[in-house]
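**Student:** Sharing a sequence plus its predicted fold:
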Amino acid sequence: MTSKEQLIALHTIVVKEIRRFMRIWIQTILPPAITMSLYFIIMGNFIGSQIDDIQGFSYIEFIAPGLIMMSIITNSYANSVSSFYSSKFQRHIEEMLVSPMPNYIIIIGFMLGGVARGIIVGIAVTIVALFFTQLQIHNVGLVFITVLLTSALFSLAGIINGIFANSFDDISIIPTFVLTPLTYLGGIFFSINMLPKFWQTVSLANPILYMVNSFRLSILGITDISLQSAMTVMISFFIILFFVCLYLLNKGIGIRT
Amino acid sequence: MSEHALKINGLNKVYKNKVIALNNIDLEVKMGDFFALLGPNGAGKSTLIGILTSLINKTAGKVRIMGCDIDTEFSKAKSQIGLVPQEFNFNNFEPLVEIVKSQAGYFGMDKRIAGDASEECLQKLGLWEKRKSTPRELSGGMKRRLMIARALVHDPQLLILDEPTAGVDIEIRRSMWELLSKINENGKTIILTTHYLEEAESLCKNIAIIDNGNIIVDTSMRALLEKLNEESFILYLKKPISEKLKIPEYQFRLIDEKTIEITLNTDKSLYKLFSLLNEQGIEVLSIKNKSNRLEELFLKLTSNSNS
């Protein structure tokens, strides 16, 4: 397959993925916007008004980047895990497997589908956030890089979950028992400087902390983690997850007999 | 270019539960052939097709498609195959035209060419009017035709059909036979698995029978049918038989007073039989084969293989 043909195949998967989640926007785009509105109302307005400023920002301003990042993380993950698993379940993944396109194109296609949903939901949540607070972007380039890396990374994690899933229960176990706790403990609602020393050290093992802080740095200009550490963690995870996906697909695990 | 559309050497498949699905299979399908791959359920047909289309990993052996090794030239090999699987495997929520177009896209076809090819295939399979419907709105026969349209969209040299007419009514089945014959006449190689043996007999030039993971027959359809040394016919008579019937050298039995079943060795002529009947004033109104010839052979061969 020539590079041009591979690009056509990739474009086909991405368009198909975007069409899929846009067709069911009431299930995919609207709920995170509504959920985040509730977070802004309850955590930001009602509770936040009782909390002192953090690093010179009101509580609602402080949590806004984290909430946007949380919706990007959960939606990019949810998109790839549900899409990959349902294509396995309905067996239309075979349409791709019998074609000459290499496995890395399949992975990038599903990943970009997740990235697209993450970004669209991120934009929707940002619009919601603007009803409650003012957001000034501190570093546009960093916003772009953080959003892309985070959504790509979690899309890849979603693909791995989809590869191993054998039932619809299996696609909700990781989001419920791993992703949600890590997200809530990933510094969205607090600065790790507010934690005792021991828990600060424990928090550093949570990769989501690096993404949330990188994004907060890009929007507010404040962070608990150095940008270099955040980038190292994100890029490392991205590379590792990509090659794990590629290994699994090349081996045919979960998709070939 | 290779003279073989498919060449298999020493192909083995052992599943994790130690079941040997394919046992050291060798098979060749010539370019332009219409090849029947028959076998009882669980014989290994779908495993073999799965390996050819890379849906199943092989344990050992070599497979070449249009001269391309599926291990080392997988992209080239796969681009030449069109697969119509046994089970429906499309996204039930997507319009037909998108399903076919996406398949073309996966094979790297340019958007405009993919659009034209999708229209042509859907037209050919009589589904163009339904192009905006989703598979959920189609009948079983239409879904089968959709799978054929999808398999043809990238103009493959080798078309593999795994029971393509299962559950399809006789009218559509006949029209599918016509279509497949035309595709074959246009130079495409076709490998067909089916449980309708009259389908294989009327369409295919060569045949392999697989049983318990072994190829037990690999020959031309004509050579195989010649192996059958006797055939049974049902004769419908004009008048009831009043006296005892005398047709020496022929095995026969009376089904009722106006119907006879006769078993003929292939070296005996029907002409002689009719002469004998004529001498006794018995007039035959019509005659038919008692059963499909290939079906008889198939049963005989697979039962031999099992014993």
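**Tutor:** Received, thanks. Numbers count the residues shown, from 1 in each chain, chains lettered A, B, ... in the order given.

**Student:** right, and B:I148 touches B:P164 too?
**Tutor:** Yes - when contacts are counted by C-beta atoms under 8 Å, B:I148 is listed as touching B:P164 (6.4 Å). Placement of C-beta: from N, CA and C, glycine included.

**Student:** Which neighbours do these two have in common?
**Tutor:** B:V84, B:M176 (C-beta atoms under 8 Å, 6 or more residues apart in numbering or on different chains).

**Student:** Can you tell me which residues in the stretch 101-250 of chain B are near chain A?
**Tutor:** B:S102, B:Q103, B:G105, B:Y106, B:F107, B:G108, B:M109, B:D110, B:K111, B:R150 (C-beta under 8 Å from any C-beta of the partner chain).

**Student:** part of a helix, is A:I18?
**Tutor:** Yes - assessed by DSSP: H, G, I helix; E, B strand; the rest coil, A:I18 belongs to a helix.

**Student:** who's in contact with it?
**Tutor:** Per C-beta under 8 Å, 6+ apart, neighbours of A:I18: A:G113, A:A116, A:R117.

**Student:** And the pLDDT for the closest residue to the second one other than its chain neighbours?
**Tutor:** If I follow you right, that is A:A116. Spatial nearest neighbour of A:A116, excluding adjacent residues (C-beta to C-beta, 6 or more residues apart in numbering or on different chains): A:I18 at 5.2 Å. Predicted confidence (pLDDT) at A:I18: the value is 95.

**Student:** Check the spacing between A:I18 and B:L301 real quick.
**Tutor:** To B:L301, A:I18 is 53 Å away according to C-beta to C-beta, to the nearest Å.

**Student:** now swap in B:K182 and tell me
**Tutor:** 31 Å.

**Student:** quick one: contacts for the residue nearest the centre of chain A?
**Tutor:** With distances taken as C-alpha atoms, centre = their mean, A:I73 lies nearest the centre of chain A, 2.2 Å away. Counting by C-beta under 8 Å, 6+ apart, A:I73 makes contact with A:G118, A:T150, A:S151, A:F154, A:L179, A:T183, A:I208, A:M211.

**Student:** before we move on, which element is the first one in?
**Tutor:** This points to A:G118. helix A:103-130 (DSSP states H and E).

**Student:** And the second one, by the same measure?
**Tutor:** Assigned by DSSP H and E, A:T150 belongs to helix A:140-164.

**Student:** re earlier: is there a quick PyMOL command that grabs whichever of the residues of the stretch 101-250 of chain B next to chain A are buried?
**Tutor:** If you want just the buried ones from these in PyMOL, going by 16 or more other C-beta atoms under 10 Å in any protein chain shown, the selection is:
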select buried, chain B and resi 102+103+105+106+107+108+109+150
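
**Student:** would you turn the residues of the stretch 101-250 of chain B next to chain A into a markdown table with secondary structure and pLDDT?
**Tutor:** Shown next, in a markdown table, are these (DSSP: H, G, I helix; E, B strand; the rest coil; pLDDT from 0 to 100):
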| residue | secondary structure | pLDDT |
| --- | --- | --- |
| B:S102 | helix | 95 |
| B:Q103 | helix | 95 |
| B:G105 | helix | 96 |
| B:Y106 | helix | 95 |
| B:F107 | coil | 95 |
| B:G108 | coil | 94 |
| B:M109 | coil | 94 |
| B:D110 | coil | 92 |
| B:K111 | helix | 91 |
| B:R150 | helix | 94 |
